[in-house]
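Chemist: here's my sequence, what's the structure:
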Amino acid sequence: MTYHLEAWQRALDLVLMLVMSIGFGMVIVAIRGPRRGRWTVEQRKKLGMAGGAVFAVGLAARLLAADSLQPIARPPPPAPPPADTITDRSFSSPAPPAVSIDAPDGYALSFAPDSRRLTLGDNAGTTLVIFSRQLDAGGTAASVLATLRAELQKAGIATTEFADSVDGRPALGLVASDGASGVASFVIDRGANYVSVLQCRAKGDARTACRPALLKLKWLTPAR
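Modeler: The predicted structure follows:
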């Protein structure tokens with residue numbers, strides 16, 4: 001927690017101190033002011049009494065407001081998000097796609113900042129593309145998978161659904177193949193309408209081809 005005075009507290013304290021100073025000044029003038037002049041002893045006495053009353057009122061008000069003038073506790077500002085780590089061997093960022101991953105042996109890593117797409121690829125032509133999106137209210141991993149399936153079927157591409165998990169989170173899967181190569185899409189619900197999509201393109205079994213990279217992936221709390 002951090003403690004600080006609000007502007008109104010500073011203003012109130014200043015006003016009360018000013019009142020006390022005025023009262024104290026009136027008492028000093030009444031006691032030590034010049035003796036020669038038009039003020040009588042009675043007038044000086046009244047001035048001193050008035051000054052003492054003003055000082056007493058200011059002091060009493062300040063004592064009564066003592067609790068209100070105490071610094072107010074405030075939670076500390078949120079810590080800044082950790083800096084992005086982006087190299088050809090590792091990536092880590094709470095911003096989309098909000099993952100951390102080290103490229104497995106034989107893989108290279110690249111990142112497109114405009115689209116926030118992360119790509120890992122090996123020399124055999126296997127590629128894994130990772131991206132995340134904040135969906136509108138009601139959007140789910142199932143709706144993303146349904147849209148993807150409909151687009152592929154419209155293009156005349158047969159699909160096969162499967163279920164899997166990535167870093168402990170359930171993944172809805174869809175495999176599309178043209179015979180020589182295939183694409184396996186893993187759709188993961190990250191909560192609060194935040195969805196990640198992992199697409200593995202490879203020769204042969206696309207569902208398992210990117211397993212070395214998938215085993216290296218860790219989910220990060222998305223920056224919102």
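Chemist: can we go C-alpha only for contacts and neighbour counts from here?
Modeler: Fine.
Chemist: ok, and the closest non-adjacent residue to Tyr107?
Modeler: Spatial nearest neighbour of Tyr107, chain neighbours left out: Asp122 (4.4 Å); criterion: CA to CA, 6 or more residues apart in numbering.
Chemist: same deal with Gln70?
Modeler: Leu5 is the one closest to Gln70 (CA to CA, 6+ apart), at 7.3 Å.
Chemist: do the same with Arg149
Modeler: Nearest one to Arg149, counting by CA to CA, 6+ apart, is Thr159 at 7.1 Å.
Chemist: part of a strand, is Ala108?
Modeler: Yes - the assignment for Ala108 (DSSP: H, G, I helix; E, B strand; the rest coil) places it in a strand.
Chemist: was I right about Asp164 contacting Leu172?
Modeler: Yes - the pair Asp164 / Leu172 is scored as a contact, 6.5 Å apart, by CA atoms under 8 Å.
Chemist: quick one, which of these two is more surrounded?
Modeler: Leu172 (20 against 14; other CA atoms under 10 Å).
Chemist: residues touching the more buried one, list them.
Modeler: Neighbour list for Leu172: 141-142, 145, 161-164, 186-188 [criterion: CA atoms under 8 Å, 6 or more residues apart in numbering].
Chemist: tell me which element it is part of?
Modeler: For Leu172, the host element (DSSP states H and E) is strand 169-177.
Chemist: swap in Ala73?
Modeler: Going by DSSP H and E, Ala73 is in strand 72-74.
Chemist: direction included, what does that strand pair against?
Modeler: strand 2-4 (antiparallel) (DSSP bridges).
Chemist: give the next helix or strand downstream of the strand it pairs with.
Modeler: Scanning onward from strand 2-4 (DSSP H and E), the first element met is helix 7-32.
Chemist: what packs against that next one?
Modeler: For helix 7-32, the packing partners by 3 or more CA pairs under 8 Å, 6 or more residues apart in numbering; DSSP states H and E come out as helix 41-64.
Chemist: rewinding a little: hey, what's in contact with both of Asp164 and Leu172?
Modeler: Phe186.
Chemist: for the protein, what are the low-confidence residue spans?
Modeler: For the chain, the stretches flagged by pLDDT under 70 are 1, 3, 33-39, 81-82, 224.
Chemist: domain parsing for it?
Modeler: Residue ranges of the domains in the chain are recorded as 2-74, 85-219, according to automatic domain parsing.
Chemist: determine which stretch of those is the most buried.
Modeler: domain 85-219 (a mean of 17; mean count of other CA atoms under 10 Å).
Chemist: show me how far that domain is from its chain's centre.
Modeler: From the chain centre to the centre of domain 85-219 is a distance of 25 Å (CA atoms, centre = their mean, to the nearest Å).
Chemist: can you tell me the distance between the two ends of that domain?
Modeler: 14 Å (CA to CA, to the nearest Å).
Chemist: over to stretch 70-90?
Modeler: Stretch 70-90 end-to-end distance (CA to CA) = 49 Å.
Chemist: gap between it and the chain center?
Modeler: With CA atoms, centre = their mean, you get 8 Å for stretch 70-90.
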